[in-house]
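**Student:** no FASTA, just this:
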């Protein structure tokens, strides 16, 4: 057997041993609460965010919490205010949006908040009716939008289009209103660690458009005429197009890598949706089969679509239904059932190790290659 063939054989065996990813699974919850919680994926410090419900003066309020080291901390809020935390950065910046929990809601504007080291800051919205914080990076810069239209009734939208402008707040908390870019509902949906913004523009007489904003310069994302789903630190975009893809086996979701868009596949016989991705372009979401009432948590990795239920131990007692976040180290959070009870989960990648039977072949192949180079 030639040295080249021996090396290739060893590589092929190793590839089979290292083929599909595998995950360790554990419940993800607030230990001091007698109920499961759906929370964000852990940041680089192992911190996550979520919310619990509480009654204050007979008013139901949504309380934001920070989860870390097996316990949780309630994030500060004004009395009788509710807030839902939306994003936590790798170094612990948290953003969310607060509203007054007592009716009528429309008389109290929604306000964007930034938490840092346990201190909450209300981000300015100038003279706008409402503001929303949607994304934060490691510098404390925040992306979001401003609602200029005054809503007299919170449950009834006006006949004319809402006027919404894209906005961002710098690390000092200063507001920058970027305007509508010719649309009527324009939102800065994401900001990455390079300070780039992903902006969606809605027009009344044209398809929606996605723009990449970089230090005042905007660039359209070719073919991206739908909703923005994710934006990573490489400037890659996960989006949903508003054009039906007729080719069998594909969804209307796509990944733009800075030069081209790649349509994403569907799980056979399932409605497949993608919800989040990381800096390695690993994408998670869910697949739904309405005919048999079955939901499956999914992972797209390096061109292959996986059912996450196939990547955990078969006797784990888990049924994974939805994956909502994936960190850059590959940890995944979502919701499912643990022994028949609804619960949030945390998946941690198991490092790939060659099976014992492959080690002699790998060693022989490596030795042969070394001799050849010598």
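**Tutor:** The structure has been received and is ready for your questions. Keep in mind that this is a model prediction, so the values were computed, not measured.

**Student:** give me the mean pLDDT for stretch 78-91.
**Tutor:** Averaged across stretch 78-91, pLDDT comes to 85.

**Student:** show the contacting residues for residue 241.
**Tutor:** Applying Cβ atoms under 8 Å, 6 or more residues apart in numbering to residue 241 gives the contacts 223-226, 252-254. (Each C-beta comes from the backbone N, C-alpha and C, glycine too.)

**Student:** could you export those residues as CSV, including distance to residue 87, pLDDT and neighbour count?
**Tutor:** Formatted as CSV, the contacts of residue 241 follow (distance: Cβ to Cβ, whole Å; pLDDT from 0 to 100; neighbours: other Cβ atoms under 10 Å):
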residue, distance to residue 87, pLDDT, neighbour count
223, 27, 75, 15
224, 21, 77, 25
225, 25, 73, 17
226, 21, 70, 19
252, 25, 82, 17
253, 21, 90, 25
254, 23, 92, 23
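
**Student:** and which of the residues you listed is nearest residue 42?
**Tutor:** residue 253 (24.6 Å; Cβ to Cβ).

**Student:** and the gap between the closest one and residue 262?
**Tutor:** With distances defined as Cβ to Cβ, to the nearest Å, the gap from residue 253 to residue 262 amounts to 10 Å.

**Student:** residue 59 too?
**Tutor:** Computed as Cβ to Cβ, the residue 59 to residue 262 distance reads 48 Å.

**Student:** flag every buried residue along the helix or strand where residue 347 lies.
**Tutor:** Element membership of residue 347, judged by DSSP states H and E, is strand 341-349. Along strand 341-349, the positions that meet the burial threshold by neighbour count (16 or more other Cβ atoms under 10 Å) are 343-347.

**Student:** now the spatially most central residue of the chain, nearest residue through space, not along the chain?
**Tutor:** Note on the chain: the residue nearest the mean C-alpha position is residue 276, at 3.5 Å, using Cα atoms, centre = their mean. Taking Cβ to Cβ, 6 or more residues apart in numbering, and ignoring the residues beside it in sequence, residue 276 has residue 325 as its nearest neighbour in space, at 5.0 Å.

**Student:** mind checking how far that neighbour is from residue 335?
**Tutor:** Residue 325 is 11 Å from residue 335, where distance means Cβ to Cβ.

**Student:** and if you look at residue 116?
**Tutor:** If you go by Cβ to Cβ, the gap between residue 116 and residue 335 works out to 29 Å.

**Student:** so which of the two has more stuff around it?
**Tutor:** Between residue 116 and residue 335, counted using other Cβ atoms under 10 Å, residue 335 has the larger neighbour count: 20 against 15.

**Student:** for the more buried one, which non-adjacent residue is closest in space?
**Tutor:** Closest residue to residue 335 in three dimensions, ignoring its sequence neighbours and counting by Cβ to Cβ, 6+ apart: residue 322, at 4.9 Å.

**Student:** wait, the one you found sits on residue 333?
**Tutor:** No. Residue 322 lies out of contact with residue 333 (Cβ atoms under 8 Å); the separation is 9.8 Å.

**Student:** and the helix or strand residue 64 falls within, how far from the chain's centre?
**Tutor:** Counting by DSSP H and E, the secondary-structure element that holds residue 64 is strand 59-68. Computed by Cα atoms, centre = their mean, to the nearest Å, the separation of strand 59-68 from the middle of its chain amounts to 20 Å.

**Student:** average pLDDT across it?
**Tutor:** Confidence over strand 59-68 (mean pLDDT, whole number) is 81.

**Student:** sheet partners, orientation included, of that strand?
**Tutor:** When sheet partners are counted by DSSP bridges, strand 59-68 sits next to strand 48-56 (antiparallel), strand 71-74 (antiparallel).

**Student:** I'd like those written out as a markdown table, with mean pLDDT, mean neighbour count and distance to residue 318 added.
**Tutor:** Formatted as a markdown table, the entries for those read as follows, by pLDDT from 0 to 100; neighbours: other Cβ atoms under 10 Å; distance: least, Cβ to Cβ, whole Å:
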| stretch | mean pLDDT | mean neighbour count | distance to residue 318 |
| --- | --- | --- | --- |
| strand 48-56 | 77 | 17 | 19 |
| strand 71-74 | 82 | 14 | 23 |
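
**Student:** so where's the stretch 151-300 of the chain shaky on pLDDT?
**Tutor:** Residues of the stretch 151-300 of the chain that meet the criterion pLDDT under 70 lie in 153-158, 205, 242-250.

**Student:** try 50 this time
**Tutor:** Low-confidence regions of the stretch 151-300 of the chain, defined by pLDDT under 50, span residues 245-246.

**Student:** the strands in it, which residues?
**Tutor:** Assignment of strands within the stretch 151-300 of the chain using DSSP state E, counting those that start in this stretch yields the ranges 164-169, 175-179, 185-191, 197-202, 209-214, 217-220, 227-231, 237-240, 250-256, 261-265, 271-277, 283-289, 294-301.

**Student:** all set, thanks.
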